[in-house]
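# fold the following and give me the result.
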Amino acid sequence: MIIKELNGNTPQFGDDCFIAENAVIVGEVSMGNQCSIWYNAVLRGDVHYIKLGNKVNVQDGAVIHATYQKHPTNIGNNVSIGHNALVHGCTIHDNVLIGMGAIVMDDCVVESNSIIAAGAVVTKGTHIGSGTIYAGVPAKKVKDISQELISGEIDRIANNYIKYASWYK
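Here you go, the predicted structure:
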């Protein structure tokens, strides 16, 4: 793994985190407890800060960045960032699933209990309301989320990644 201090900012980690051997975490990045950063994931806190809450998993190949002097990246608790997703200069609230290959651009807000479908492109400044599913290019609301999806997908995936990380420790 590459964990690099930059411009006086050193990445900070909570308790019981897993960082894959080839993950890259640079600069002003902080994460809570029970986070996992998987293979080839990049968190680059060089131009603004990146903050992750508790129980956040950043899956293989995902990139988290920010916008110079404008938009940091804030990610809440119990969030899954899918394989090869790009999360850039935005705010992701609690209990969110960002699907594989999705892109969430600058100045977006994804409220709690929401899903961004695989391959979706959430364009700059979009506000995703709580309890919704967005899909497509550009991403649009496709439906309200059911309680079954919250527990069956959002919670299940976040909890599974805590289990998967335990296998590597």
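
# make it CA atoms for all contacts and neighbour counts henceforth
Noted.

# show me where the protein has helices.
Under the criterion DSSP state H, the chain contains helices at 147-149, 156-168.

# figure out which of the ones you listed is closest to Ile98.
helix 156-168 (10.9 Å; Cα to Cα).

# ok, and what's touching that closest one?
For helix 156-168, contacts defined as Cα atoms under 8 Å, 6 or more residues apart in numbering pick out 17-18, 34-36, 55-57, 78-80.

# can we see that at 10 Å?
Residues outside helix 156-168 that contact it (Cα atoms under 10 Å, 6 or more residues apart in numbering): 16-20, 34-38, 55-59, 77-82, 95-97, 149-151, 153.

# kindly report the same for stretch 4-18.
Residues contacting stretch 4-18 (Cα under 10 Å, 6+ apart): 3, 19, 24-38, 43-46, 49-57, 161-162, 164-169.

# can you select the buried ones from the residues you listed in PyMOL?
Buried residues among those (16 or more other Cα atoms under 10 Å), as a PyMOL selection:
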select buried, resi 3+19+24+25+26+27+28+29+30+31+32+33+34+35+36+37+38+43+44+45+46+49+50+51+52+53+54+55+56+57+161+162+165
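
# residues contacting Asn22?
For Asn22, the contact set (Cα under 10 Å, 6+ apart) comprises 1-3, 37-42, 60.

# sheet partners, orientation included, of the lengthiest strand in the chain?
As assigned by DSSP state E, the longest strand anywhere in the chain is strand 42-52. Strand 42-52 sits in its sheet next to strand 24-31 (parallel), strand 63-65 (parallel), strand 73-75 (parallel), going by DSSP bridges.

# in TSV: those strands, plus distance to Ala118 and mean pLDDT.
Formatted as TSV, the strands paired with strand 42-52 follow (distance: least, Cα to Cα, whole Å; pLDDT from 0 to 100):
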stretch	distance to Ala118	mean pLDDT
strand 24-31	23	98
strand 63-65	15	98
strand 73-75	18	98
